[in-house]
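S.K.: with the input below, show me the fold.
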Amino acid sequence: MTAYSAGLRVSEVVSLKITDINSDRMQITISNAKGKKDRVATLSKAVLEILREYFVAYKPKNWLFEGQFAGEHYNTRSAQIIFKEASAVVGRLTNNI
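M.R.: The predicted model follows:
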């Protein structure tokens with residue numbers, strides 16, 4: 001949901017740190033985006049609420065989406081697989097409408 005709403009690439013999502021979320025300004029800071037440039041994306045209210053629930057449930061330390069091992073961010077390839085599976089589920093659901 002974070003990737004879709006803010007237009008983030010998979011590599012950008014898994015590289016997000018907790019400090020990259022600015023709820024006061026409703027912005028997400030993306031460091032070293034494409035072309036090694038920093039950029040800012042809009043943070044929606046719906047995503048902020050979900051991220052707050054996620055934070056309480058999982059208590060990430062540094063990376064917003066932490067990987068399997070402590071101190072590491074989520075693996076880009078693992079995130080790609082999850083996105084692909086979610087897309088397939090949505091495709092099946094919309095075909096049944």
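S.K.: count the residues that sit near residue 43.
M.R.: 21 (other CB atoms under 10 Å). Yep, even glycine has a C-beta here, placed from its N, CA and C like the rest.
S.K.: actually residue 37, sorry about that
M.R.: With other CB under 10 Å as criterion, residue 37 counts 9.
S.K.: now do the same for it: its pLDDT.
M.R.: On pLDDT, residue 37 comes in at 88.
S.K.: go on, residue 12?
M.R.: At residue 12, pLDDT is 93.
S.K.: what of residue 97?
M.R.: For residue 97, pLDDT reads 63.
S.K.: could you do residue 74 as well?
M.R.: Reported pLDDT for residue 74: 87.
S.K.: likewise for residue 3?
M.R.: Residue 3 is given a pLDDT of 92.
S.K.: am I right that it sits in a helix?
M.R.: Yes: with DSSP: H, G, I helix; E, B strand; the rest coil as the criterion, residue 3 is part of a helix.
S.K.: what comes up buried for the worst-scoring helix or strand of the chain on mean pLDDT?
M.R.: Within the chain, judged by mean pLDDT, DSSP states H and E, the helix or strand with the poorest mean is helix 76-95; its value is a mean of 87. Residues of helix 76-95 classed as buried: residue 79 (neighbour count, 16 or more other CB atoms under 10 Å).
S.K.: list the helices and strands that helix packs on?
M.R.: Counting contacts by 3 or more CB pairs under 8 Å, 6 or more residues apart in numbering; DSSP states H and E, helix 76-95 packs against helix 10-14.
S.K.: contacts for the helix it packs on next, please.
M.R.: 2-3, 30, 33, 63, 65, 73-76, 79-80, 83 (CB atoms under 8 Å, 6 or more residues apart in numbering).
S.K.: closest one of those residues to residue 15?
M.R.: residue 73 (6.1 Å; CB to CB).
S.K.: which one is that closest one nearest to, not counting chain neighbours?
M.R.: Excluding the flanking residues, the one nearest residue 73 by CB to CB, 6 or more residues apart in numbering is residue 63, at 3.9 Å.
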